[in-house]
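Student: Okay, predicted coordinates and the sequence, questions at the end:
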Amino acid sequence: MTAEAPKFRAGVVGLGMGTAHMKAFHQHPQTVLAAIAGKEQDRLAALAKEFDVETTATEWQDLVDDPTIDIISIATPNALHHPIAVAALKAGKHVFCEKPLAITAEQAEDMVATAKANNRILEVAFNYRRRADIGMARDLVAAGKLGRVYHSRISWKRRAGIPGLTSWFTSASLAGGGAAIDLGPHIIDSLFYMLGEPKVVAVSAVTYGELGRAGYGAMDKSSYTQGSSGKFEVEDLCSALLRLDNGSSVALEITWASHTGDDEDISFELLGVESGLRIFIPRYETENTLSLFGDENGEHYTRKPQVSSTGEGHLAVINEFIEHVASGDFASHAGDYALHRTAIIDAMYRSAKTGKEVTL
């Protein structure tokens, strides 16, 4: 009779988005949700009871210092990602982190270097790439169905979607930015995943914070109110042009708040020489979101493949992370792809600040 493999003990830091991490580690047969940390003691106690957690702490250092913990999962304000991850990696823990990886490219480089130096895994919660429409588009591009993709348009637009107006999300020091660093990681990662990982060589961007500074645009029933700063220090709109190493380009637009017709939508348009495609996701829709465009026998066509996403992206990416931990192949999962995404967003902010194109 074969002995059962020992389970990995996970600790989650953060009680907001961290609940999605808790659910995944609690459910997985190869992990035990052993500890959680957060500042809100009532919520901490309630989540510990819900997920049958052995240990709770109000300081993240307690989880990092615990020698019985194998995995640290980070779901905190963005500015804490770097110090928690570096400390955990140096302590021999594998790290799963909410997006963005870090608030600057320099921090992200340090995190990836630390993961490699300590032979630990560092991965990020890019859950949108697990949508079925994103996966089908990736397969179509890889199979050459679009021909050379020479230009892409991506956007995430909200009419009133600032998550916690005057919370840590709108603090420059805690969040590192606004709409671009909050929503940008998902659509940038999904696009480059679909395109087969070309590299960005130059970025030109502009940012605006007109509506947020005026007190407009808060997300209805937002739960992100802890630590209200009373300030709006970040952007609610970012527009950028990215130049890629294969000669193609990307136009990007992200808004937390804008006077527009739709409440919220996400869009990817890939323009290829042979055909094109669009993924349009209104209000997190999971059905009938992919359209294909081209010409056949001298006629235009529009086709809508049947595709359905589950909405369980966090579960999928954490399950994959656990598979990587169990495999022992740590060197292949040190966060390089997440560093690439962070470097793009960092360049967008530098371009917007200087009014000049930034090269990578």
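Tutor: Received, thanks.
Student: Parallel or antiparallel, list what pairs with the helix or strand hosting L277.
Tutor: Following DSSP states H and E, one finds L277 within strand 276-282. Partner strands for strand 276-282, per DSSP bridges, with pairing direction: strand 264-272 (antiparallel), strand 290-296 (antiparallel).
Student: now those in a markdown table, with distance to S327?
Tutor: (C-beta placed from N, C-alpha, C; glycine too.) A markdown table is the format used below for those (distance: least, Cβ to Cβ, whole Å):
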| stretch | distance to S327 |
| --- | --- |
| strand 264-272 | 31 |
| strand 290-296 | 31 |
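Student: So which of the ones you listed is nearest L101?
Tutor: Proximity to L101 (Cβ to Cβ) singles out strand 264-272 among those, at 20.6 Å.
Student: average model confidence for the closest one?
Tutor: The pLDDT scores in strand 264-272 average 98.
Student: what's it in contact with?
Tutor: Strand 264-272 is contacted by residues 134, 137, 141, 145-159, 161, 187, 190-191, 194-195, 276-284 when judged by Cβ atoms under 8 Å, 6 or more residues apart in numbering.
Student: My read is that E123 contacts H333, right?
Tutor: Yes. Using Cβ atoms under 8 Å, E123 makes contact with H333 at a distance of 5.8 Å.
Student: Name the residues contacting each of these two.
Tutor: F321, H324.
Student: how about the strand holding L277: buried residues?
Tutor: For strand 276-282, a neighbour-count test (16 or more other Cβ atoms under 10 Å) marks G276, L277, R278, I279, F280, I281 as buried.
Student: Mind putting the strands paired with strand 276-282 into JSON lines with mean neighbour count?
Tutor: Formatted as JSON lines, the strands paired with strand 276-282 follow (neighbours: other Cβ atoms under 10 Å):
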{"stretch": "strand 264-272", "mean neighbour count": "20"}
{"stretch": "strand 290-296", "mean neighbour count": "16"}
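Student: Quick one: closest of those to R43.
Tutor: strand 264-272 (26.5 Å).
Student: Now the closest one - C-alpha only, CSV.
Tutor: Extracted in CSV, the C-alpha atoms of strand 264-272 (Å, rounded to 0.1, in the frame of the first residue of the first chain):
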residue,chain,number,x,y,z
GLU,A,264,-18.5,47.7,-17.5
ASP,A,265,-17.0,45.7,-20.3
ILE,A,266,-13.7,44.0,-21.3
SER,A,267,-12.6,43.8,-24.9
PHE,A,268,-9.8,42.1,-26.9
GLU,A,269,-9.5,42.6,-30.7
LEU,A,270,-6.8,40.8,-32.6
LEU,A,271,-6.3,41.9,-36.2
GLY,A,272,-4.5,39.4,-38.3
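Student: what's around D65, how many residues?
Tutor: 13 (other Cβ atoms under 10 Å).
Student: isn't it right up against A91?
Tutor: Yes. With contact defined as Cβ under 8 Å, D65 and A91 form a contacting pair (7.1 Å).
Student: What segments of the stretch 1-150 of the chain are strands?
Tutor: Assignment of strands within the stretch 1-150 of the chain using DSSP state E, counting those that start in this stretch yields the ranges 8-13, 31-37, 55-57, 71-74, 94-97, 122-124, 149-158.
Student: What is the fourth one packed up against?
Tutor: Translated: strand 71-74. strand 8-13, helix 18-27, helix 81-90, strand 94-97 (3 or more Cβ pairs under 8 Å, 6 or more residues apart in numbering; DSSP states H and E).
Student: before we move on, the earlier item: of the strands paired with strand 276-282, which is nearest E233?
Tutor: Closest to E233 of those, according to Cβ to Cβ: strand 264-272, at 23.1 Å.
Student: Break down this structure into its helices, ranges please.
Tutor: Ranges of helices in the chain, per DSSP state H, are 18-27, 41-50, 60-64, 81-90, 105-117, 132-142, 172-175, 179-195, 210-213, 313-327, 336-354.
Student: export these to a markdown table and tack on mean neighbour count, mean pLDDT and distance to K231?
Tutor: A markdown table is the format used below for the helices of the chain (neighbours: other Cβ atoms under 10 Å; pLDDT from 0 to 100; distance: least, Cβ to Cβ, whole Å):
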| stretch | mean neighbour count | mean pLDDT | distance to K231 |
| --- | --- | --- | --- |
| helix 18-27 | 21 | 96 | 25 |
| helix 41-50 | 13 | 96 | 25 |
| helix 60-64 | 21 | 98 | 25 |
| helix 81-90 | 23 | 99 | 21 |
| helix 105-117 | 20 | 99 | 23 |
| helix 132-142 | 19 | 97 | 35 |
| helix 172-175 | 17 | 96 | 9 |
| helix 179-195 | 24 | 98 | 16 |
| helix 210-213 | 19 | 92 | 9 |
| helix 313-327 | 18 | 92 | 30 |
| helix 336-354 | 22 | 98 | 18 |
